[in-house]
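# Sequence below, structure please.
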Amino acid sequence: MSTESFLLGHELALRLGIFLAVFSAMALWELALPRRVLREAKLTRWSNNLVLVALNTIVLRVLFPTTAVGLAVAVGENGTGLLTHFAVPYPLAVMLAILFLDFVIYLQHLMFHAVPALWRLHRMHHADLDFDVTTGARFHPIEIALSMLIKFAAIALLGPPAVAVLVFEVVLNATAMFNHANVRIPLAWDRVLRWIVVTPDMHRVHHSIDAPETNSNFGFNLPWWDRLFGTYRAQPAAGHEQMTIGIGQFRTHRDLWFDRMLAIPFRDDTGSYANNRRQEA
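Below you'll find the predicted structure:
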């Protein structure tokens, strides 16, 4: 059995194993070297955020008959997609596919901030009153489903190698936990790392209560898109220890509970965040 066949045949086990390993590593790192003092009780936040992870997993299983990797296999077998029509060397095709998918995620993230109806969904992610490894998995089930549809469309258009999709999915999952982790990285290291990957200090700015800071640093894996398209912001104005996490709405302890999180898209108005960049222009 080839390495590719082995990886594709053990996709679920591989992804679950890496998720548990990275989650455990980030959780231990947060205990040993936290960046900020948490405002809320970890038991409340973690229990409700992780229940949401379980629900989202079930939703994806019910709504979609295949995974992103499974779709990539089907697209490859049918010979559709841009990459299947050109003689692109396999290593280059893998690299291009990962870059393309990461750019799509960046654009998707921008869209979920720019369109008020989509911001209603995405603001549940930003309504967390603290910022740690579980925040990286705190997304509304409807947003998760829409995100999967966007990813499916990107895969159908590009026709990427299935291994590239698997690598991207694993890396996206791992970096989401890493760049949301409440961990302290030496500032000199962070300055270098943020040229290669989105660091926790870089992404934490995006979770500031200040709207212009919320509308910056949209990257999940690669930091280059933010620098290239002018959405990069180096540091929060108040500093990382003093900045306020969250959005102006939904700031009570009760809003951290599972049932109230699911209701966030349907409560109150959209606030100023979704239209902030347009207003500044």
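# I'd guessed R36 sits against E241; true?
Yes: under the criterion of C-beta atoms under 8 Å, R36 is in contact with E241, at a separation of 5.9 Å. (Each C-beta comes from the backbone N, C-alpha and C, glycine too.)
# Who has more neighbours out of these two?
R36 (19 against 9; other C-beta atoms under 10 Å).
# how about the more buried one, secondary structure?
The local conformation at R36, judged by DSSP: H, G, I helix; E, B strand; the rest coil, is coil.
# now swap in the one 10 residues further on and tell me
State at W46, reduced to three classes by three-state DSSP: helix.
# Low-confidence stretches in the protein?
In the prediction, the chain carries residues with pLDDT under 70 at positions 1-4, 7, 274-281.
# what does the longest helix that it contains rub up against?
In the chain, ranked by residue count with DSSP state H as the criterion, the top helix is helix 90-114. By C-beta atoms under 8 Å, 6 or more residues apart in numbering, the residues outside helix 90-114 that reach it are 83, 88, 118-119, 121-122, 143, 147, 150-151, 154-155, 158, 160-161, 163-165, 167-168, 171-172, 214-215, 218-222, 225-226, 231, 273-274, 277-278.
# how about it: buried residues?
Of the residues in helix 90-114, those buried under the neighbour-count criterion (16 or more other C-beta atoms under 10 Å) are 93-94, 96-106, 108-110, 112-113.
# After that helix, which helix or strand is next? Please name it.
The element immediately downstream of helix 90-114 (helix or strand, assigned by DSSP states H and E) is helix 116-126.
# What is that following helix packed up against?
In terms of contact count using 3 or more C-beta pairs under 8 Å, 6 or more residues apart in numbering; DSSP states H and E, helix 116-126 is assigned the packing partners helix 90-114, helix 141-158.
# for the protein, which residue is closest to the average position?
Computing the C-alpha centroid of the chain and ranking residues by C-alpha atoms, centre = their mean puts A176 first, at 4.9 Å.
# Which of the helices or strands spans that residue?
Remark: A176 resides in helix 162-179, with elements defined by DSSP H and E.
# among the helices and strands packed on helix 116-126, which is nearest A127?
With C-beta to C-beta as the measure, helix 141-158 is the member of these nearest A127 (12.6 Å).
# So which elements touch the closest one?
Contacts of helix 141-158 with other secondary structure elements, assessed using 3+ C-beta pairs under 8 Å, 6+ apart, are made with helix 42-63, helix 68-78, helix 90-114, helix 116-126.
# Could you list the buried residues of the last one?
Translated: helix 116-126. Within helix 116-126, the residues that count as buried by 16+ other C-beta under 10 Å are L118, W119, R120, L121, H122, R123, M124, H125, H126.
# How far does it sit from its chain's centre?
In terms of C-alpha atoms, centre = their mean, to the nearest Å, the centre of helix 116-126 is set 13 Å apart from its chain centre.
# Now do it and helix 141-158, the angle between them.
Going by axes from the mean of the first three to the mean of the last three C-alpha atoms, to 10 degrees, helix 116-126 is angled at 110 degrees with respect to helix 141-158.
# Could you list the alpha-carbon positions for helix 116-126 in PDB?
Only the C-alpha atoms of helix 116-126 are listed here, as PDB (Å, rounded to 0.1, in the frame of the first residue of the first chain):
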ATOM      1  CA  PRO A 116     -24.200  41.500   8.000                       C
ATOM      2  CA  ALA A 117     -26.200  38.300   7.700                       C
ATOM      3  CA  LEU A 118     -23.000  36.200   7.700                       C
ATOM      4  CA  TRP A 119     -21.600  38.300  10.600                       C
ATOM      5  CA  ARG A 120     -24.600  37.300  12.700                       C
ATOM      6  CA  LEU A 121     -23.400  33.700  12.400                       C
ATOM      7  CA  HIS A 122     -19.700  34.400  12.800                       C
ATOM      8  CA  ARG A 123     -20.100  36.700  15.800                       C
ATOM      9  CA  MET A 124     -20.700  33.700  18.000                       C
ATOM     10  CA  HIS A 125     -17.000  32.900  17.500                       C
ATOM     11  CA  HIS A 126     -16.100  36.400  18.600                       C
END
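# outside of that helix, which residues touch it?
Outside helix 116-126, the residues that touch it by C-beta under 8 Å, 6+ apart are 111-113, 135, 138-140, 142-143, 146, 207, 214, 246-247, 249-250, 261-262, 264-266, 270-271, 273-275.
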